[in-house]
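> let me see the structure of the following:
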Amino acid sequence: MSPGVMTVKEYWCPFRDYPNIEVQSEFKGYTPERHPKAASYDGKGLPHRHGLEIERDTGFIRITETEPILAVDVMGSGCAVPAYVVCEYPQPGESFEEPPFGGPWQFGGKGFNLQNLRRQMVQGMISIHPAAFMRCFPQDKITYDMDFEPRCFECSARFAIEPTTCVTIRGGSGTSSHFSFRMIRVHQLLDLARLKEAGA
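Here you go, the predicted structure:
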């Protein structure tokens, strides 16, 4: 890899205002009667005070950059404990596109499968949305309900990855609950030679 300069970009909930970010999350258990807001976001997750809540495992936040990404930080909290976060990215020259069953990858062609997909997971995080179990008035100190004080914390995860221009972030918590993403930070390497050529 050529010498370069590290730069950092931060993306904040609800992530839908960034042209290089794709959000997908069809809430299977959220009916209009149970949660009217969920139906109004057209499968783009459910933003609330703790971050963007997306369907566990099947929902995702995908970030595409023009410069190589070397690391990703994720900040948020789970709906239950323990929480986990997953970072996926294709190997160089591959993509997230999935061929039909029995696709060309079986015969040496290119296509999506677990052989060209890198996945990392940070799991076992003791984190839960603070407001889920805490009540307080502005003039009062915070009090805790249900003896959940040790769990009422936000958490963060760091993924050190191979150079790639596209990452997909997923997450969940407990045995069937979601993860709320409040901020995602990407660390990129800017090529010095190309910057000089561009006169930057």
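> for the chain, what are the low-confidence residue spans?
Under the criterion pLDDT under 70, the flagged ranges of the chain are 1-3, 26-49, 92-116, 130-152, 193-196, 198-200.
> mind redoing it with 80?
Low-confidence segments of the chain (pLDDT under 80): 1-4, 25-50, 57, 91-117, 126-153, 191-200.
> where do the helices sit along it?
Ranges of helices in the chain, per DSSP state H, are 36-40, 192-197.
> what's opposite the closest residue to residue 164 other than its chain neighbours in the beta bridge?
Among residues not flanking residue 164 along the chain, residue 89 sits closest, at 4.4 Å (CB to CB, 6 or more residues apart in numbering). From N, CA and C alone the C-beta is placed, and that goes for glycine too. Residue 89 has these beta-bridge partners by DSSP bridges: residue 118.
> is it true that residue 89 touches residue 71?
No: applying CB atoms under 8 Å, one finds residue 89 not in contact with residue 71, separated by 11.4 Å.
> which residues do the two both contact?
Each of residue 161 lies in contact with both residue 89 and residue 71 under the rule CB atoms under 8 Å, 6 or more residues apart in numbering.
> neighbour count winner among the two?
residue 89 (25 against 17; other CB atoms under 10 Å).
> ok, that one to residue 178 distance?
Residue 89 sits 22 Å away from residue 178, going by CB to CB, to the nearest Å.
> what of residue 189?
Distance of residue 189 to residue 178, computed by CB to CB: 32 Å.
> would you agree residue 179 is in contact with residue 50?
No: between residue 179 and residue 50 there is no contact under CB under 8 Å: 9.8 Å.
> re the thing from before, show me what contacts the residue nearest to residue 164?
Residues counted as contacts of residue 89 (CB under 8 Å, 6+ apart) are 69, 117-118, 161-162, 164, 166-168.
> which of those are buried? Put it as a ChimeraX command.
Applying 16 or more other CB atoms under 10 Å to these leaves a buried subset, and the ChimeraX line that selects it is:
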select :69,117,118,161,164,166,167,168
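> just to revisit the earlier point, more neighbours, residue 189 and residue 178?
residue 178 (28 against 18).
> thought residue 57 was touching the more buried one, still the case?
No: Residue 178 is beyond contact range of residue 57, at 9.8 Å (criterion: CB under 8 Å).
> shared neighbours of those two, anything?
residue 172.
> rewinding a little: which pair of the contacts of residue 89 spans the longest distance?
Using CB to CB, the two most remote members of those are 69 and 117, lying 15.3 Å apart.
> what's the distance between residue 157 and residue 192?
Applying CB to CB, the value for residue 157 to residue 192 is 30 Å.
> okay, those two: which has more neighbours?
More crowded of residue 157 and residue 192, by other CB under 10 Å: residue 157, with 21 against 13.
> so that one makes contact with residue 125?
Yes: with contacts counted by CB under 8 Å, residue 157 reaches residue 125, the gap being 7.2 Å.
> the residue lying closest to residue 73 once chain neighbours are set aside - how many residues pack around it?
Spatially, and ignoring its direct neighbours in sequence, residue 73 is nearest to residue 185 (4.1 Å; CB to CB, 6+ apart). By other CB under 10 Å, the residues close to residue 185 number 16.
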